[in-house]
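Q: Fold the stuff below for me.
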Amino acid sequence: MPPPTYKKVARFGLAMIFGFSMLISACIPEPESPKIEISENSQLMKVREWFEENKTKLRLPERGSNFRTDAQELILPFFEKEPDWDQFHHYYFPDGREVFEINLENVQTYISISDASEDVATQANRSIQNILFVKHPTENRFDPLIARYYPNEESSKREFKEISYQMIDEKWSGWIDLFTYDEHYFIGFQVEKGQITHTRKFKQEGQDAKKAIGFENKDVRCALVTTDWLNITVAGNVVTITGLNSTTSQSCGMGSYDSGSQSNGSPSYNYGGFPSSGVGSSGAPSGYPVPEDVPLPKLTIEIDYSITSNARVDCIVKKLAMSSFVKSIAEFTNTTEVPTNSVLKLGPITNATANGQTLDMNGYYNITLNANKISNMKSLEIARTILHELVHAEIFATLKEKGKSPLDDNFPANLDQYIALYLNTDSRVGDKHHNYMATTLLPRMGSELMEIHKTQFPEEFQRFNEYVKGGGYPKGLSVDFYMNMFWGGMEGSVAFEQLKAITTYSPLLSPYDKYKRDIELVSRLTQNC
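A: The predicted structure is shown next:
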C-alpha cells in the first residue's frame, strides 16, 4: 500500500447483539488483522477510473442560482473536486457497503461559522473535506458524497489520517456535514466528544414536493437554527472569503435520527427531510445512501503513568506496540493530547485473583493490570495478559458498533455461532467473551504470542525451544503451547469446562493434561524485559 495511505475496516451489522456494559474479569491476551490490503490498490484504481469517466455526469452543468433561500434548500456553488488519491481510508458501512474515503486537495472549501468571534481562516485551516465513494451494492457504480469536518476548537483539529466518517475519536467535537457531489446539502451531525448529539436538515418546501420538517416526535427537542455559510479559498498566505446567504435549519436531538429504522436498506428520518430514495429532482444521481451512524471503531490505548513508571511493564508495552496485531486493534500513546478510547494502567482490581480486568464505561475502556500479581509473572505472561485485555476491549467495541473486527473478519457469523453454543449459559459477561475467544480466536491468539516471543525475546525463545524438546515438544515449540497459555485466562468458562471434559486413553494426553503440562513449562521461562 503506497504511503501515505490510511485505512480502517468499519463494522457492519450483527444479527444479534446483547448489551455488554459490565465489568469483565479477564486474565490473558489475543491477536490478528484483516486481509484487504493486497487488493486495495487495484480497487482504488477502479474507483479512480469510474470517477474520471463519470464526474461530468455527477452534477447539473447549468442551473441558475446555486443557493436557494426561498425553500431553505442549501445548494452551495459547485466547484470541481480534486481527489488526492494517495490519501485514503478504506472501510465498510454498517450495512456492508464498501467505502473509499479520499482527501480533497482543493484550496477551496465551504465552512459554516461556528464561532463568529473567531477568525474564519483559522476555522477553514482546521477543517477537512473528503469525498466518499460508496460502492453500490448491486450496480457497477459508486455513490459519491462530500464529507466536511468542522472542528469546534483547535484541540479537535485532526490530520487526514486521524479522522474519517467511520473513525471519530471520543475527544473530537464539531459538525460533520454531508453533501452530494453537486453540493446539495444532505445531512449533518453535531458531535460532542465523540458522541452524536444532534442532527440537522435544511427545511425544504415548494415545487419539489419535499416534506417540510415537522415536530411529529414529541419526545425530541428541535430548534430552528440560523447558519452562515462562507466560501473560503486559502492559497498560500492569500485568503479569499465570499459570504453566502444565511439559511435556517432544524436541529434536533439525536433521538430524531432513527438509524435502526430502514426502508429498502436506506435510513429513514422521522422528522422528514430528503426522501430516503436519494436527492430527488435535483438532477444528481439518485440513491445517495446516508451512513447510519458515526461509530468509534478505532481503539487507541493511552498508557497511564502507573505503567510508564514501572520499567519492566513499560518495556513490555513498548515491545507489544511493534506487533502487527496490536497495531491492527490499538495505537499505543503516551500522552493525553492524543485521542484515546482506552487507558491501560497498573493497579488493584475487583477480582484479586485475576491478572487483569477491562471495564466498559459507555464506550470508554479502562484496562487495569493487577499490580499485586504482575511482579510474580514472567514477561511473556504479562504480554499475554495485556493482549488478553485488549481483546476484551475490542470485543466490547465491535459489539457496540455492530460490525467487523480486525480480530475476526467474519465476526457476525462467528458471533452467531458462539451465541448458539453459549448464550443460554449462566456465565458472566467476561466468560462469554472467553467462550468466543476459545471457539474462534485461540489459534490467532497463540500465533501472535508465539511471534512476539520469537521476535521480542529471541534469546529466550531459542533457549526455551531447545528445552521443551525434552518436555512434550520433540520438534520444538508450536502454536499449541502459546494457545495453552491463553487457556489459563479462561478458567471457569463453559469452554474451559468442555476442555476439561475431553478424555483420552493412555499413553495419549488429553487437551487438559497438555494444558497443565504447558502451564508447568511456563514456570521455566526466565527472561525479564
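Q: which residue ranges form the helices in the stretch 51-200 of the chain?
A: Assigned by DSSP state H, counting those that start in this stretch, the stretch 51-200 of the chain shows helices spanning 120-126.
Q: correction: the chain
A: Taking DSSP state H as the criterion, the chain carries its helices at 37-54, 120-126, 305-308, 311-320, 324-329, 371-374, 379-401, 411-422, 429-436, 442-456, 458-467, 479-487, 494-501, 511-522.
Q: quick one: average pLDDT of the second one?
A: Taken as a whole, helix 120-126 carries a mean pLDDT of 82.
Q: What residues sit buried inside that helix?
A: 120, 123-124, 126 (16 or more other Cβ atoms under 10 Å). C-beta coordinates here come from the backbone N, C-alpha and C atoms, glycine included.
Q: helices or strands up against that helix?
A: Applying 3 or more Cβ pairs under 8 Å, 6 or more residues apart in numbering; DSSP states H and E, we find helix 120-126 packed against strand 108-112, strand 229-235, strand 238-243.
Q: For my notes, please list the ones you listed in TSV and give distance to Arg444 for each entry.
A: Listed next are the helices and strands packed on helix 120-126 as TSV, based on distance: least, Cβ to Cβ, whole Å:
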stretch	distance to Arg444
strand 108-112	43
strand 229-235	46
strand 238-243	51
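Q: Most tightly packed of those strands?
A: Of the helices and strands packed on helix 120-126, the one with the most neighbours on average (mean count of other Cβ atoms under 10 Å) is strand 108-112, at a mean of 21.
Q: helices and strands around that one, which ones?
A: For strand 108-112, the helices and strands in contact under the criterion 3+ Cβ pairs under 8 Å, 6+ apart are helix 120-126, strand 142-151, strand 229-235.
Q: hmm, try it at 6 Å
A: Under the contact definition 3 or more Cβ pairs under 6 Å, 6 or more residues apart in numbering; DSSP states H and E, strand 108-112 sits against strand 229-235.
Q: who's in contact with Ile329?
A: 299, 394, 406 (Cβ atoms under 6 Å, 6 or more residues apart in numbering).
Q: Scan those and report the most crowded one.
A: Using other Cβ atoms under 10 Å as the neighbour criterion, Glu394 leads the contacts of Ile329 with 25 neighbours.
Q: Ile146 contacts Phe179, correct?
A: Yes: because the distance of 4.2 Å satisfies Cβ atoms under 6 Å, Ile146 is recorded as touching Phe179.
Q: one step back: can the buried residues of helix 120-126 go into CSV with extra columns for distance to Phe461?
A: Formatted as CSV, those follow (distance: Cβ to Cβ, whole Å):
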residue, distance to Phe461
Val120, 58
Gln123, 53
Ala124, 53
Arg126, 47
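Q: from those residues, which is closest to Tyr91?
A: Relative to Tyr91, the closest of the buried residues of helix 120-126 is Arg126; by Cβ to Cβ it sits at 23.1 Å.
Q: leaving aside the residues next to it on the chain, what's closest to the closest one?
A: Closest residue to Arg126 apart from its sequence neighbours, by Cβ to Cβ, 6 or more residues apart in numbering: Lys157 at 4.0 Å.
Q: burial measure for the one you found, as a count.
A: 17.
Q: Check the gap between it and Asn130 for me.
A: From Lys157 across to Asn130, the span is 15 Å (Cβ to Cβ, to the nearest Å).
Q: Equivalent analysis for Leu244, please.
A: Leu244 sits 21 Å away from Asn130, going by Cβ to Cβ.
Q: do the same with Thr233
A: Going from Thr233 to Asn130 by Cβ to Cβ gives 18 Å.
Q: Would you enumerate the residues in contact with the closest residue to Phe100 other than its chain neighbours?
A: Leaving aside its chain neighbours, Phe100 sits nearest to Phe133 (4.7 Å; criterion: Cβ to Cβ, 6+ apart). By Cβ under 6 Å, 6+ apart, Phe133 lies in contact with 47, 100, 142, 144.
Q: what pairs with the third one across the strands?
A: Read that as Phe142. With DSSP bridges as the criterion, Phe142 is bridged to Lys135.
Q: check contacts around the residue nearest to Glu331 when sequence neighbours are not counted.
A: Nearest residue to Glu331 in three dimensions, chain neighbours excluded: Thr300, at 4.8 Å (Cβ to Cβ, 6+ apart). By Cβ under 6 Å, 6+ apart, the contact set of Thr300 is 331, 340-341.
Q: cool, and Asn310?
A: Asn310 neighbours (Cβ under 6 Å, 6+ apart): Leu346.
Q: and the gap between it and Lys318?
A: In terms of Cβ to Cβ, Asn310 sits 12 Å off from Lys318.
Q: and if you look at Gln498?
A: From Gln498 to Lys318 the distance is 37 Å (Cβ to Cβ).
Q: And for Trp487?
A: Distance of Trp487 to Lys318, given as Cβ to Cβ: 27 Å.
Q: And those two? Which one has more around it.
A: Legend: neighbour count by other Cβ under 10 Å for Trp487 and Lys318, higher for Trp487 (26 against 15).
Q: Any figure for the gap between the residue nearest to that one when sequence neighbours are not counted and Glu183?
A: Nearest non-adjacent residue to Trp487, counting by Cβ to Cβ, 6+ apart: Tyr515, 5.2 Å away. Distance from Tyr515 to Glu183, counting by Cβ to Cβ: 62 Å.
Q: Repeat that for Leu359.
A: Counting by Cβ to Cβ, the separation of Leu359 from Glu183 is 45 Å.
Q: cool, and Ile301?
A: Noted for Ile301: a distance of 39 Å to Glu183, by Cβ to Cβ.
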